[in-house]
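Student: Here is my input; please provide its structure:
(2 chains)
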Amino acid sequence: GQQVMQIPQYQHVQEGEDFTTYCNSSTTLSNIQWYKQRPGGHPVFLIQLVKSGEVKKQKRLTFQFGEAKKNSSLHITATQTTDVGTYFCAGDSGGSNYKLTFGKGTLLTVNP
Amino acid sequence: DVKVTQSSRYLVKRTGEKVFLECVQDMDHENMFWYRQDPGLGLRLIYFSYDVKMKEKGDIPEGYSVSREKKERFSLILESASTNQTSMYLCASSLFRSPNYGYTFGSGTRLTVV
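Tutor: This is a model prediction of the structure:
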């Protein structure tokens, strides 16, 4: 079945440093989504990428979808303590059922 | 805002008990999902449903069943709870592939089986 690999598993940064998490799918995706889960919370939808090579920005967050639609990245510029949490990518392979396959997530901690 | 409500935040059950986890969404979403979340294993799909009375197995359905008698409600059933089912259970709902919305998750039920 479809697999979505995400690296790194953990990342600790100093406040103000940049952060990137990478996501790779074993199959071509229809779209990819990103979620954030704060400690003790539940995953919250951030964004969806659909087009090959697509780049979207949300303030300090930049999301990219690869040309082959099999990989994606999330980059945070100048991290803040409010960025702490686990970031998940989730791939949709298309088809009649809308079912996402989640990566295992990257836990980001930020030292103030 | 879409709201997904899970009936219990914390639950403690004994081995062998039948356990019901309830999930209700208020935005007329077609799709509903049950995941379990364990440290180091991420989110694993147990069952999902794309319509009333319809259900599909996810990646780890063994030991679980589901019920969707009404569009807004999706129940997860542990037929005979075991200690390896101790986990955080997350319910989610969604429209069918809306470009601007993904899954909306409930706050989760932390189940401990003793």
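
Student: can we go C-alpha only for contacts and neighbour counts from here?
Tutor: OK.

Student: quick one: low-confidence ranges for chain B?
Tutor: Low-confidence regions of chain B, defined here as pLDDT under 70, cover residues B:1-2, B:97, B:99.

Student: Against which helices or strands is the helix or strand of chain A with the lowest mean pLDDT packed?
Tutor: Every helix and strand of chain A was ranked by mean pLDDT, DSSP states H and E. The lowest is strand A:100-102, at a mean of 92. Identification of packing neighbours for strand A:100-102 by 3 or more CA pairs under 8 Å, 6 or more residues apart in numbering or on different chains; DSSP states H and E yields strand A:85-92, strand B:42-49.

Student: can you tell which of those is closest to residue B:103?
Tutor: strand A:85-92 (10.2 Å; CA to CA).

Student: quick one: the closest one to strand B:42-49, angle?
Tutor: For strand A:85-92 against strand B:42-49, the angle by axes from the mean of the first three to the mean of the last three CA atoms, to 10 degrees is 40 degrees.

Student: Could you report the neighbour count for residue B:58?
Tutor: Close neighbours of residue B:58, defined as other CA atoms under 10 Å in any protein chain shown, add up to 17.

Student: Now do the same contact list for it.
Tutor: Applying CA atoms under 8 Å, 6 or more residues apart in numbering or on different chains, we find residue B:58 in contact with B:45, B:46, B:47, B:48.

Student: What of residue B:44?
Tutor: Applying CA under 8 Å, 6+ apart, the residues near residue B:44 are A:102, B:35, B:36, B:37, B:59, B:60.

Student: Most neighbours among those residues, which one is it?
Tutor: Counting by other CA under 10 Å, top hit in the contacts of residue B:44: residue A:102 with 26 neighbours.

Student: Tell me what that one is bridged to.
Tutor: residue A:90 (DSSP bridges).

Student: One more: residue B:32?
Tutor: Going by DSSP bridges, residue B:32 forms beta bridges with residue B:49, residue B:93.

Student: Quick check: it touching residue B:50?
Tutor: Yes. The pair residue B:32 / residue B:50 is scored as a contact, 6.5 Å apart, by CA atoms under 8 Å.

Student: The two: who's more crowded?
Tutor: Legend: neighbour count by other CA under 10 Å for residue B:32 and residue B:50, higher for residue B:32 (32 against 23).

Student: Mind pulling up the pLDDT for residue A:37?
Tutor: For residue A:37, the model assigns a pLDDT of 97.

Student: follow-up on the earlier one: out of the helices and strands packed on strand A:100-102, which is closest to residue A:74?
Tutor: Between the helices and strands packed on strand A:100-102, strand A:85-92 lies closest to residue A:74; by CA to CA that is 8.7 Å.

Student: now the closest one, how far from the chain's geometric center?
Tutor: Centroid separation for strand A:85-92 versus its chain: 5 Å, with CA atoms, centre = their mean, to the nearest Å.

Student: Thanks a lot, see you next time.
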